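In: output the structure for:
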Amino acid sequence: MIISPLEQFEIVTIFPIILGAFNISFTNFSLFLLLIILVSLFWINLSVYKPKVLPNYWQLIWEEFYRLTNNIIRENLGSKGEIYFPFIFSLHTFLLFSNLIGMIPYSFTVTSHIVFTFSLSMAIFIGINIVGIKTHGINFFSLFLPRGVPLIIIPLIITIEFLSYFIKVFTLAIRLFANMTSGHTLLKIIAGFSWTMLTSGGILAFLHLIPLALLFLLIGLELAIALLQAYVFTLLTCIYLNDVLDLH
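Out: This next block holds a predicted model:
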């Protein structure tokens, strides 16, 4: 039986719940969202439990992660970004564990679904614009019209700026979705290819070590991508937030 490498992304209903025309069933997607939150809270509490001057292993990892997130905010938002630290830190932590838990065999990667990454990007985008309008009022819309633009090309410039501004939602969502989906699909294909060679017997059973070695290398690469994509998503969120605060 040939198993599709895309089967790992299938959403499966665990507890069906139908309310009228709405399907709010508890699925594997819901289960892993809950698991990610619990693991994140457990890691934070484990790291800050009885903190020491000479940090233990968990405390050291948490402090480095805290410092990394803080540096992202300071480098892109400056001192005005301190008020947004809880949100940025929570976002970074959630994405990190979403990607890492998805690397566990037979688990589920919530960030491999475009509907989730797009919803998250849209929610952040709406929140950022609310912050911008609250900070600058009507002057916020000057973001779409740079100074010194000739009157005759103002409609064209506004259209271009408007489209380039709203395209951020799609680039933010697609970058995370595409990297996680493509990476997991490739791992599944290589693993299936290696297993097929092993079960074929003969010389192929010996040669399966080649794709198996490649699989281990790709797992290391995918782990790095999981860490990097959580960092990039958080970094771009800070950059977009800074744009509306300073009206760049």
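In: pLDDT (mean, whole number) over the longest helix belonging to the chain?
Out: As assigned by DSSP state H, the longest helix anywhere in the chain is helix 154-200. Mean per-residue pLDDT for helix 154-200: 86.
In: repeat that for stretch 140-149.
Out: Mean predicted confidence for stretch 140-149 is 78.
In: and the end-to-end length of it?
Out: 17 Å (C-alpha to C-alpha, to the nearest Å).
In: what do you get for stretch 8-28?
Out: Note: stretch 8-28 ends 11 Å apart using C-alpha to C-alpha.
In: the helix or strand hosting Ile126 packs against which elements?
Out: Here Ile126, judged by DSSP states H and E, is contained in helix 114-136. Counting contacts by 3 or more C-beta pairs under 8 Å, 6 or more residues apart in numbering; DSSP states H and E, helix 114-136 packs against helix 154-200, helix 209-246. Where C-beta positions appear, they are placed from N, C-alpha and C, glycine not excepted.
In: contacts for that helix?
Out: 29, 91, 110-111, 140, 143, 168-170, 172-174, 176-177, 237, 240-241, 244-245, 247 (C-beta atoms under 8 Å, 6 or more residues apart in numbering).
In: quick check: buried residues in it?
Out: Neighbour-count burial for helix 114-136 flags 114, 116-118, 120-121, 124-125, 128, 131-132, 136 (criterion: 16 or more other C-beta atoms under 10 Å).
In: looking at those residues, spot the one nearest Arg67.
Out: Comparing these against Arg67 with C-beta to C-beta picks out Ile124 as the nearest, at 22.8 Å.
In: can you pull the pLDDT of that closest one?
Out: Model confidence at Ile124 (pLDDT) stands at 94.
In: circling back to that earlier point, Throw the helices and strands packed on helix 114-136 into CSV and include mean neighbour count and distance to Tyr57, thanks.
Out: Below are the helices and strands packed on helix 114-136 laid out as CSV (neighbours: other C-beta atoms under 10 Å; distance: least, C-beta to C-beta, whole Å):
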stretch, mean neighbour count, distance to Tyr57
helix 154-200, 16, 27
helix 209-246, 17, 18
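In: and of those helices, who's closest to Arg67?
Out: It's helix 209-246; of the helices and strands packed on helix 114-136, that one is closest to Arg67 (C-beta to C-beta) at 13.0 Å.
In: quick one, that closest one and helix 154-200 angle?
Out: 160 degrees (axes from the mean of the first three to the mean of the last three C-alpha atoms, to 10 degrees).
In: ok, back up a step: distance from the chain centre to the helix holding Ile126, please.
Out: 15 Å (C-alpha atoms, centre = their mean, to the nearest Å).
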